[in-house]
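Trainee: sharing a model prediction with you, sequence too.
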Amino acid sequence: MTQQQPRGRVVGLDHGTQRIGLAVADPLRLFAQPVGAVPPGEVVGRLEEIAEGEGLAALVVGWPLLPSGEEGKAAERVAAFMEELQAAFPEARVERRDERHTSEMAKDTIREVGERRSGEPLFEKERVDAAAAALILQDWLDAQSG
């Protein structure tokens, strides 16, 4: 017998000081799809738009560890951000996922695909942030199914 998944969208977030990358899972929660990046002050409104109708089941936030695996100042900022998310969306699980190397992996993925929007640089920061959020979310989705 399969376990019933909680209703609602699953969203991945890559927290940065300038932008927060966003990604959403497909309805079967198999694949993560980048959806863009927004300034930190706009993230709650954007999440409300994503949640419209279905709600939010989980918010998966990239956890910024140092290369050594220790937590630094960035982890303190992200912990406060996660508290804000939990207060804004009490029905959703707010979870963290190790995000080390996701920006580099996102750039590698973009380079492999080789597509760029007309007139934009290949590594547009918003695009990298959204791709990093998708990698964080995909890692979480894979762990849930395994």
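Mentor: Ah, there it is. Numbering: from 1, shown residues only.

Trainee: report the beta-bridge partner residues of residue 94.
Mentor: residue 59 (DSSP bridges).

Trainee: where's it relative to residue 56, distance?
Mentor: 9 Å (C-beta to C-beta, to the nearest Å). (Each C-beta comes from the backbone N, C-alpha and C, glycine too.)

Trainee: then residue 100?
Mentor: 25 Å.

Trainee: between these two, who's got more neighbours?
Mentor: Set residue 100 next to residue 56 and count neighbours by other C-beta atoms under 10 Å: residue 56 wins out with 22 against 14.

Trainee: now that one: phi and psi?
Mentor: phi -120, psi 130 (degrees, to the nearest 10).

Trainee: doesn't residue 48 make contact with it?
Mentor: No - in this structure residue 56 lies outside contact range of residue 48 using C-beta atoms under 8 Å: 9.0 Å.

Trainee: helix or strand right after the helix or strand bottoming out on mean pLDDT in the chain?
Mentor: Every helix and strand of the chain was ranked by mean pLDDT, DSSP states H and E. The lowest is helix 102-113, at a mean of 57. Counting by DSSP states H and E, the next helix or strand C-terminal to helix 102-113 is helix 125-145.

Trainee: helices and strands around that next one, which ones?
Mentor: The contact analysis (3 or more C-beta pairs under 8 Å, 6 or more residues apart in numbering; DSSP states H and E) places helix 125-145 against strand 9-15, strand 20-25, strand 32-38, strand 56-63, strand 93-98, helix 102-113.

Trainee: of these, flag the one that's most buried.
Mentor: Comparing the helices and strands packed on helix 125-145 by mean neighbour count (mean count of other C-beta atoms under 10 Å), strand 9-15 ranks first with a mean of 27.

Trainee: sheet partners, orientation included, of that one?
Mentor: Going by DSSP bridges, the partners of strand 9-15 are strand 20-25 (antiparallel), strand 56-63 (parallel).
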